[in-house]
Structure formats: structure tokens, C-alpha cells
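Novice: from the sequence below, what's the structure:
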Amino acid sequence: MPAVPCNTQDYTWHKGTRCEAIVTDFQVMCVAVGSAALVVLLLFMLTVFFAKKLYLLKTENSKLRKTNLVFQGKFTLLRDTRTDGSFLVHHFLSFYLRAGCKVCFVALLQSFSHYNIVAQKLGVSLTAAKERGQLVFLEGLKSCLDLLFGEEEEEQSAQPSPLQFISESASNLKALFDFVRTSLTPGGGDSWKGPVLLVDDLSVLLSLGATPVAVLDFIHYCRVAVCSQLKGNIVVLVHSNEDSEDEENELVVNSLCHHSDLILWVEGLATGFCKDVHGQIKIIRRVSLELTAEQDHIQIYQYKIQDKNVTFFARGLSAAVL
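Specialist: Alright, predicted model coming up:
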């Protein structure tokens, strides 16, 4: 019996003259529709995932912006590595002044005019804060020059300079502590919310000749006076470099990290300079200090410093990438 050939027009693909294996148009359409549906489902799942992440970040950011609470008795450490974390100092300075707190600012790195110019961009006037008694500003650069080249004026002054240890053989920071305690002790007519000690930056004291023990003792006494007795807050900036050979500075940094309630660790990018991402910040909430079984809460964000503000975002979600 002769072989009857199949009608090839009815099939998309066939094998053999008698169509032993075939693929119909309907089967091809089912595979195409199924593949397209799978791709759409995957895209929908990815869209929902990233939309949920962005929503959580926006919600958390809005909560942080709306929250104007000033916690009491907290020691916050600002630490920077391979970058400049001074923008955090400007943030805390403007934040506490807006919140109506009495601020003692020990500025060892820059002049008053520098901080005032940056504060004006953030909507705060340091000059006005000083005039109304809300801000006590210690200009470390000027005090050092007065100690080194203004001996006659210093002898006529009734009170010793807070940085008196520079001209003495022993690195005793008692004069600096007395200055802080006197500045933040509330008077009879003060109506400020709470005292705040802000130091920028603590590493300069080591460069001026203070020993690590003296610096740690100074911070310890400030914590007792400001945080425990006056129910205020302390914010300190320190520079660190894990590859540095400065053992004294690393000793101070590690000791402060151990006793801090909150650590804001700013680091430069390991890949180098980037126009759209200036670095990353690690937020470490020391829950372990509260004698609980919980571990420290760690959050990592990337940031970009702009003219009047700083933008924070999750790693890999910068505006340039999205």
C-alpha cells in the first residue's frame, strides 16, 4: 500500500512524510503566550519588590523628617574613614539649635565664620544664637593662637583658657571640662530644652599634645556631667583610618565606639570617587548597651552631598542608576 503524505499546510512543523511528529499552530501559540505571560509575571514581581522597597524608604525618611524629638542622655559618635564627615556636624548643630537646646560647641577644626556660613545655608544663624545665649562657641584655632602668641593678654585674663594644656607640661583637660560644665549648667532665667555638647573634632586634641588617657577621661567626665546629671546629649566627631599607624587615635576611636549609644560611621567608596554617590554611612544603634539579648541594629545607606542638604538612599538606588 503506498504511503500517503500528510498535508503539511495544517502544521507548523512536521517530521517524516507521514507526519510521525508534528507541531500545530495552536501549540506554538500556547508556548508563545505562556512565555510572554511568564516574562510579564517576572517583571511585575520585580516592579512590586522595588516599589515596596522605595515605599519603605520614603516612609522611613518622612518619619525621620517629621520627628523633632530630642533624646536625653545619649552619646553619639560621628566617625569618618577615607572621607570628610563634617556635614554631620553641621546637621546636628542646626538640628539642636532649631530644637531650642543649649549648645556648647567645641570647634577645634574650623573658624566661627566657616560654621556660620554653612549654618546660614541650613537656615540657622550662629551669630544670633550666640547673642541670645543659646550657643557657646569655643573657637579652638583662635584660642591656640592666643595661648602661643598672646601671653600678656592671657596673664591679664581672670579665667584660664580651656586649652591651657597646650602651654603646660602635663596634658590635663580639666580646664576644658570646666568650660563645658560652666557653659551648659542652666542658670536661673534659662528656658532651653536641654544641654548639648558638640565637639569637632576630638582627634585634634591628640594632635595638640593630649594623651589618649586624658582625652578619654575628658569624655568620661563630660558624659557624667552632661548626659547623667544634666540629662543632655553629646555628639563627637573623630577621624579614623584602619590602615593608619596612629595607634593613639585608633585607641581613642575604639574606646568611644564601645561606649557610644549611636554610631554614624561615614566611609568613602572603596571604588573611589563617584559624581553621583559620595560615600556610604553605617548607622549602628547600640542596643547591646541596654543589657538586652538583642544585637546592635546596623543600617547602611549611600549618600550624596548637595549645596543645602544631603540625600540618602539604599545602596545601588541612586538617582543616576534609577
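Novice: what backbone torsions are found at Leu97?
Specialist: phi -70, psi -40 (degrees, to the nearest 10).
Novice: quick check, it in contact with Tyr115.
Specialist: No - using Cβ atoms under 8 Å, Leu97 makes no contact with Tyr115, being 11.2 Å away. C-beta coordinates here come from the backbone N, C-alpha and C atoms, glycine included.
Novice: mutual contacts of those two, please.
Specialist: Leu126 (Cβ atoms under 8 Å, 6 or more residues apart in numbering).
Novice: three-state assignment of the spatially most central residue of the chain?
Specialist: Residue closest to the mean C-alpha point of the chain, counted by Cα atoms, centre = their mean, is Leu264 at 4.1 Å. Here Leu264 takes the strand state, with states given by DSSP: H, G, I helix; E, B strand; the rest coil.
Novice: just give the nearest non-adjacent residue to it, would you?
Specialist: Distances taken as Cβ to Cβ, 6 or more residues apart in numbering put Leu78 closest to Leu264, at 5.2 Å, once the chain neighbours are dropped.
Novice: report the mean per-residue pLDDT for the helix or strand the one you found falls within.
Specialist: Under the criterion of DSSP states H and E, Leu78 resides in strand 75-81. What strand 75-81 shows for mean pLDDT is 94.
Novice: any idea how far Ala119 is from Gly100?
Specialist: Note on Gly100: its distance to Ala119, by Cβ to Cβ, to the nearest Å, is 16 Å.
Novice: those two: who's more crowded?
Specialist: The neighbour count for Gly100 versus Ala119, taken as other Cβ atoms under 10 Å, is higher for Ala119 (19 against 13).
Novice: once you drop chain neighbours, what's closest to that one?
Specialist: Leu126 (5.0 Å).
Novice: might one say that the one you found is in contact with Asn116?
Specialist: Yes - the criterion here is Cβ under 8 Å, and Leu126 meets it with Asn116 at 4.4 Å.
Novice: just want to know which of those two has more residues nearby.
Specialist: Under the neighbour definition other Cβ under 10 Å, Leu126 and Asn116 were set side by side, and Leu126 has more, 23 against 17.
Novice: ok, that one - contacts?
Specialist: Going by Cβ under 8 Å, 6+ apart, Leu126 touches 93, 97, 112, 115-116, 119, 135, 137.
Novice: tell me the secondary structure at Val118.
Specialist: Assigned with three-state DSSP, Val118 falls in the helix class.
Novice: who are the neighbours in contact with Pro186?
Specialist: By Cβ under 8 Å, 6+ apart, the contact set of Pro186 is 102, 192, 195, 230.
Novice: the third one contacts Phe105, correct?
Specialist: In this case it means Pro195. No - counting by Cβ under 8 Å, Pro195 stays clear of Phe105, with 11.8 Å between them.
Novice: what about the closest residue to Val118 other than its chain neighbours, neighbour count?
Specialist: Closest residue to Val118 apart from its sequence neighbours, by Cβ to Cβ, 6+ apart: His90 at 4.9 Å. Close neighbours of His90, defined as other Cβ under 10 Å, add up to 18.
Novice: for Arg82, see how far away His90 is.
Specialist: The gap separating His90 from Arg82 is 20 Å, by Cβ to Cβ.
Novice: and for Glu247?
Specialist: Separation of Glu247 from Arg82 (Cβ to Cβ): 19 Å.
Novice: more neighbours, those two?
Specialist: Comparing Glu247 with Arg82 by other Cβ under 10 Å, the one with more neighbours is Arg82, at 16 against 9.
Novice: what's the spacing between that one and Gly279?
Specialist: 8 Å.
Novice: common neighbours of these two, please.
Specialist: Joint contacts of Arg82 and Gly279 (Cβ under 8 Å, 6+ apart) are 267-268.
Novice: which parts of the chain are strands?
Specialist: Taking DSSP state E to define them, one finds strands in the chain at 13-15, 21-23, 75-81, 102-107, 135-139, 195-200, 233-239, 262-267, 279-285, 297-305, 310-313.
Novice: and the contacts of the longest one?
Specialist: The one in question is strand 297-305. Applying Cβ under 8 Å, 6+ apart, the contact partners of strand 297-305 are 87, 276-285, 287, 310-316, 318.
Novice: make a PyMOL selection of the buried ones in those.
Specialist: Selection of the buried residues among those in PyMOL, burial being defined by 16 or more other Cβ atoms under 10 Å:
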select buried, resi 87+277+278+279+280+281+284+285+311+312+313+318
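Novice: that concludes my questions; thank you for your assistance.
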